[in-house]
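*Asks:* Generate a structure from the sequence data that follows.
(one chain, ligands or ions: 1)
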Amino acid sequence: MRLTRYFLPVLKENPAEAQIVSHRYMLRAGMIKQQAAGIYSWLPLGFRVLKRIEEIVHQEQVRAGHIPLLMPTLQPADLWRESGRYDDYGQEMLRITDRQKREMLYGPTNEEMITDIFRSHVNSYKDLPLTLYHIQWKFRDEMRPRFGVMRGREFLMKDGYNFDLDKEAALHAYNRHMVSYLRTYERMGLTAIPMRAASGPIGGDNTHEFLVLAQTGESEVFYDDRVTALKLGSREIDYDDRAAVAKVCEEFTTLYARTDETHEAGAFEAVPEAHRKVGRGIEVGQIFYFGTKYSEAMGATVVTPDGSRVPVEMGSHGIGVSRLLGAIIEASHDDKGIIWPEGVTPFPVGIVNLKQGDGAADAACEGLYKALAAKGLEALYDDRDERAGAKFATMDLIGLPWRITVGPRGLANGVVEVTSRRTGESEEMSPEAAVDRIA
Ligand SMILES: Nc1ncnc2c1ncn2[C@@H]1O[C@H](COS(=O)(=O)NC(=O)[C@@H](N)CS)[C@@H](O)[C@H]1O
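*Replies:* Numbers count the residues shown, from 1 in each chain. Modelled structure (predicted):
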């Protein structure tokens, strides 16, 4: 992408309303624009990252055997009356009346709707196990939307729902989600710790939140810091092997890790002093097992092998897709700007031309752009007629992992400069070597 043909409304100044670094940088890097409290337009650079995060979430859900679909944002109130949540849900629910005076709502979550889909089409245990999910915009009329996309009112969530014949199968689905979440966050360069949590309006008594440690996190967390060293890495896990999946979950949830809602000071005392940590975390996902809470209320039942009919066992599992942009920036930035992990960066590399209009420099940049594209890498080429300092500042702010700097002097010696955004180290090499370094 050539910057002179893109739309990247970078801000020079720190916006006054931004209180945390991720909000500040997302505004300054021209990634979002607030349209109302907690409601944003996703400008091109932010939209590109949002799509990359969505893609990782989709891939890991499909890898776990979960099936994507798409439910609407607007829901009929009657579904929520069946579960009894229409009144319970409270002020956060945006209630709407259509021209026929039908009571609707902008969905904050989809347990009722997915259960309605299930009960309309599934009747036999032979169709289980079944996990359906979607990535869809939600609305929660938060009393105090703040911190940019971190606590929005309209936000993007992956919400998945499992339907199983019995509790054991539902708990395996719970564990499948835990493993798929661990892998999802690792692919985004995040360490998200599963912590026992409280279930709130979703219900049930078995739930873990996934928290990214960050000073600006809204949740207070208590943990054994050895948990931060646990990694799935490239381990292949057979999602159908209940014992293997349970073993991985055990590995990641044995060390003490609790949010303030479930913290037990006594148990925490058992953690060796050197490892006992208190901090703050950003909740980037939550998984729930809640049995037959919705299937009972809404008559979602299946015929069992012995011919009887039972309500299905369920759970629901959410990832804060739009919140993740903020969480990743909180976990990966410096005083010049964002430092995108390779897995989610909007562009893998930026090309900076030090002398736009200089024949050799322009030709070398065009050559690099094409050579990178030939390897499937779309560069962001800053071809503006701007001072070098301004170009470097923009690249540092938007946080691409690599920058290739091209200038007449370097070219005279047959080299360009390759700079790593994370380490700040630069190295001179031929344009060909630069492409190989980044590919
Ligand atoms: N106001 C918000 N702004 C941005 N992200 C949010 C907001 N509220 C929740 N989220 C994200 O959405 C994730 C799932 O939300 S949740 O309430 O925990 N779970 C559910 O709604 C369940 N239905 C999961 S399917 C949270 O872990 C969080 O990362």
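*Asks:* Chain neighbours aside, what residue packs nearest to the residue of the chain found nearest the ligand?
*Replies:* Ranking the residues of the chain by distance to the ligand (Cβ to the nearest ligand atom) places residue 320 first, at 2.2 Å. No exception for glycine: its C-beta is placed from N, CA and C like everyone else's. Of all residues not flanking residue 320 in the chain, residue 284 sits nearest, at 5.3 Å (Cβ to Cβ, 6 or more residues apart in numbering).
*Asks:* Over to residue 353?
*Replies:* Nearest residue to residue 353, sequence neighbours excluded (Cβ to Cβ, 6+ apart): residue 365, at 4.8 Å.
*Asks:* Which element, helix or strand, includes the one you found?
*Replies:* helix 359-374 (DSSP states H and E).
*Asks:* With just CA atoms, put the helix or strand just after that helix into PDB.
*Replies:* Using DSSP H and E, the helix or strand that follows helix 359-374 in sequence is strand 379-382. Output of strand 379-382 as PDB, limited to C-alpha atoms (Å, rounded to 0.1, in the frame of the first residue of the first chain):
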ATOM      1  CA  ALA A 379       4.500  -3.300   2.600                       C
ATOM      2  CA  LEU A 380       3.300   0.100   3.600                       C
ATOM      3  CA  TYR A 381       5.400   2.400   1.500                       C
ATOM      4  CA  ASP A 382       5.800   5.900   2.800                       C
END
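*Asks:* and strand 379-382, which residues are buried?
*Replies:* 379, 380, 381, 382 (16 or more other Cβ atoms under 10 Å).
*Asks:* now the residues you listed in TSV, with pLDDT and distance to the ligand?
*Replies:* Below are the buried residues of strand 379-382 laid out as TSV (pLDDT from 0 to 100; distance: Cβ to the nearest ligand atom, whole Å):
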residue	pLDDT	distance to the ligand
379	98	31
380	98	27
381	98	33
382	98	32
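*Asks:* Which of those sits closest to residue 289?
*Replies:* Checking the buried residues of strand 379-382 against residue 289 by Cβ to Cβ gives residue 380 as the nearest, at 43.7 Å.
*Asks:* In terms of secondary structure, what does the helix holding residue 365 contact?
*Replies:* strand 349-353, strand 379-382, strand 402-406, helix 408-412, helix 431-438 (3 or more Cβ pairs under 8 Å, 6 or more residues apart in numbering; DSSP states H and E).
*Asks:* Between helix 431-438 and that helix, find me the angle.
*Replies:* 40 degrees (axes from the mean of the first three to the mean of the last three Cα atoms, to 10 degrees).
*Asks:* just checking, residue 19 is part of a strand?
*Replies:* No - when classified by DSSP: H, G, I helix; E, B strand; the rest coil, residue 19 is found to be coil rather than part of a strand.
*Asks:* Backbone dihedrals for it, both of them.
*Replies:* phi -100, psi -20 (degrees, to the nearest 10).
*Asks:* check contacts around residue 133.
*Replies:* 61, 66, 67, 68, 69, 158, 159, 160, 161, 317 (Cβ atoms under 8 Å, 6 or more residues apart in numbering).
*Asks:* would the last one count as being in a helix?
*Replies:* Think residue 317. No - per three-state DSSP, residue 317 lies outside any helix segment and is strand.
*Asks:* returning to that earlier point: nearest to residue 216 among the buried residues of strand 379-382?
*Replies:* Closest to residue 216, out of all of the buried residues of strand 379-382 and judged by Cβ to Cβ, is residue 380, at 27.8 Å.
*Asks:* For the closest one, name its beta-bridge partners.
*Replies:* residue 350 (DSSP bridges).
*Asks:* List the contacts of it.
*Replies:* 1, 3, 6, 346, 347, 349, 350, 351, 398, 400.
*Asks:* Please repeat the previous calculation with a cut-off of 10 Å.
*Replies:* By Cβ atoms under 10 Å, 6 or more residues apart in numbering, the contact set of residue 380 is 1-3, 6, 8, 45, 48, 345-352, 369, 394-395, 398, 400, 403.
*Asks:* Can you tell me which of these are buried?
*Replies:* Buried residues within the contacts of residue 380, counting neighbours by 16+ other Cβ under 10 Å: 1, 3, 8, 45, 48, 345-352, 369, 394-395, 398, 400, 403.
*Asks:* quick revisit: if I read this right, the residue nearest to residue 353 contacts residue 349, doesn't it?
*Replies:* No - using Cβ atoms under 10 Å, residue 365 makes no contact with residue 349, being 11.9 Å away.
*Asks:* where do the contact lists of those two overlap?
*Replies:* Joint contacts of residue 365 and residue 349 (Cβ under 10 Å, 6+ apart) are 379, 381, 404.
*Asks:* what's the nearest residue to the second one if we skip its chain neighbours?
*Replies:* By that I understand residue 381. residue 351 (4.3 Å).
*Asks:* In contact with that neighbour, which residues are there?
*Replies:* Taking Cβ under 10 Å, 6+ apart, one finds 2-3, 364-366, 368-369, 372, 379-383, 391, 395, 400, 402-406, 416, 434 in contact with residue 351.
*Asks:* Which pLDDT does the model give it?
*Replies:* Per-residue confidence (pLDDT) for residue 351: 98.
*Asks:* now do residue 249
*Replies:* What the model reports for residue 249 is a pLDDT of 96.
*Asks:* contacts for the helix or strand of the chain with the lowest mean pLDDT?
*Replies:* None of the helices or strands of the chain scores lower by mean pLDDT, DSSP states H and E than helix 85-88, at a mean of 92. If you take Cβ under 10 Å, 6+ apart as the criterion, helix 85-88 is touched by 77-81, 93, 95, 103, 105, 108-109, 111-112, 201-203, 293-294, 297.
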